Structure formats: structure tokens, C-alpha cells
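**Student:** Have a look at this prediction, sequence included:
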Amino acid sequence: MDASTSTERRALVVDDEQPLARLVAGYLEREGFVVDLAFDGPEGVRLARQHDPEVIVLDLGLPGLDGIEVCRQVRTFSEAYVLMLTARAEEVDTLIGLSVGADDYMTKPFRPRELVARITALLRRPRRTTSQPAPVPEAAPMVFGALRIDPVGREVFLGERPVGLTRIEFDLLATLAASPQRAFTRRALIGAVWGDEWVGDEHLVDVHLLHVRRKLADTTTEQRFVRTVRGVGYRMGTGS
């Protein structure tokens with residue numbers, strides 16, 4: 001079967017815990033999704049390529065290919081929203097998962113209704129493959145020292161070098177840059193990027209901004225581009 005060309009909403013659940021996968025699929029079906037199931041990594045990649053889902057619920061610990069490698073491969077051909085599931089609470093797993101293009105994560109055990117709420121929040125944000133880019137506060141490029149942010153083209157340059165940011169990383173950076181004098185709380189950034197109805201751990205913002213700093217060759221000591229405002233959240237740096 002070829003990738004669907006209809007207007008139906010498709011989701012893919014990839015988890016080797018079959019009862020859990022079927023439970024999640026049931027909740028998504030009640031939300032109007034056509035759901036495909038895969039119980040190992042290679043099958044997950046194959047179904048993602050075949051059906052072009054809008055959203056993928058992806059377990060980290062999979063046979064064949066782990067969730068990190070599945071996400072890495074899927075990102076070469078798909079802009080689906082990826083919500084990663086992990087039974088491992090170690091921060092390194094979360095950081096690695098988000099660095100290869102996952103949009104959000106949840107730690108097992110979780111409540112299926114919360115997972116659906118997270119997915120609903122993700123789907124409010126336009127995919128980059130749509131004809132209209134995500135709305136941005138400013139049209140003109142924003143410059144902070146060697147950093148240039150083009151909100152129309154959704155491109156970031158450090159000097160002459162393009163910086164590859166994920167969809168969420170770009171939106172967080174653009175939100176900070178559009179109001180460089182403002183100190184944003186995590187909740188404010190969640191509202192601007194994920195939507196006001198998003199539920200979950202607000203420290204997800206920290207994870208994404210850590211990746212932004214790394215990609216901009218910034219550090220928590222220098223804070224040239226992303227500054228931590230103690231007790232509040234974050235604001236844009238000056239670039240120097």
C-alpha cells in the first residue's frame with residue numbers, strides 16, 4: 001500500500017510491549033486517527049515510510065533498531081511529530097532522543113489521556129511540510145553578534161555557517177529573539193511554542209535550549225545567545 005493521499009489523520013505506534021501499544025492505539029483511534037502498529041524498530045521505519053503518519057509514538061527500547069536509530073532514520077524522510085516513550089529515567093537518554101529530532105517525551109508508566117493531550121498540543125503546531133510556515137513574531141532577520149535568525153526562511157546562521165535546528169528549537173530561539181529584553185518563564189515559552197493547553201514537565205524547555213546552546217557553540221558559562229535568568233527562566237543574549 002502506498003502512503004495515504006487522503007485527508008485521514010494517521011498515527012504510528014512503535015512499541016514492543018504489545019498490550020501497551022494496543023492501548024495507546026485505542027485512545028488515538030477514539031481521537032479520530034487511523035493507527036498503524038509496529039512492535040520492532042525496522043517495522044516502525046518501514047510503516048513510517050509507507051504511511052507517512054502525522055504523529056509517531058516511539059518507544060526507546062525496541063528490538064532490531066532502538067528508538068534513537070528509528071527516529072534518526074525517520075527524520076531523513078518525514079516531518080512527523082515524534083513523541084518518545086522511555087522506561088529509563090536517565091537524562092542522557094532524553095537528551096539523545098531529542099537531539100535526533102523527537103518533539104517530546106514521556107517516561108513510563110504514563111496516563112494514556114496525558115499522552116493524547118501531548119499529541120493534541122503537538123498537532124496544533126504547523127508541520128514544516130505545509131504551505132504556510134509557522135507564525136513568527138518578526139519578519140526581518142534578527143542579529144545578535146555573529147548569530148543571524150531568519151524567521152521567514154526559518155534559517156539560523158552563526159557567521160557564515162548554517163545551524164541546523166529542529167522545529168521546536170527554532171521556535172524557542174525565535175521567540176526569545178523577538179523580545180530580547182524580556183525574561184521568559186518556562187510556562188511562557190511552553191505557551192508560545194507548544195500552546196497554552198500543553199500538559200507535562202515544563203523542564204522540557206531546558207532540554208531543548210540545552211541543544212540550542214550546543215549547536216550555537218554557546219555554554220552555560222558564556223551565555224552569549226541564550227541566557228538563564230535565575231528564578232525566572234530564559235532571555236536572549238546579546239551575542240557577545
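**Tutor:** Received it, and whenever you're ready, just let me know what you need.
**Student:** chain center to stretch 218-227: distance?
**Tutor:** From the chain centre to the centre of stretch 218-227 is a distance of 22 Å (CA atoms, centre = their mean, to the nearest Å).
**Student:** Other residues contacting it?
**Tutor:** With contact meaning CB atoms under 8 Å, 6 or more residues apart in numbering, stretch 218-227 is reached by 144-145, 147, 173, 176, 209, 212-213, 216, 228, 234-240. The C-beta positions use only the backbone N, C-alpha and C, and glycine is treated the same way.
**Student:** which among the residues you listed end up buried?
**Tutor:** 144, 147, 173, 176, 209, 212-213, 216, 228, 234-237, 239 (16 or more other CB atoms under 10 Å).
**Student:** I'd like the distance between the residue sitting nearest the centre point of the chain and residue 17.
**Tutor:** Residue closest to the average C-alpha location in the chain (CA atoms, centre = their mean): residue 103, at 1.8 Å. Using CB to CB, to the nearest Å, residue 103 is found at 21 Å from residue 17.
**Student:** go on, residue 168?
**Tutor:** With CB to CB as the criterion, residue 168 and residue 17 are 27 Å apart.
**Student:** So if we follow the domain assignment, how does this protein break up?
**Tutor:** 9-123, 142-236 (automatic domain parsing).
**Student:** okay, those domains, which one's buried deepest?
**Tutor:** Highest mean neighbour count of those: domain 9-123, a mean of 19 (counted as mean count of other CB atoms under 10 Å).
**Student:** okay, how far is it across that one, tip to tip?
**Tutor:** End-to-end distance for domain 9-123: 11 Å, by CA to CA, to the nearest Å.
**Student:** any weak-confidence spans in this protein?
**Tutor:** Within the chain, the segments meeting pLDDT under 70 span 1-7, 89-97, 125-139, 197, 199-200.
**Student:** Fine by me, thanks again.
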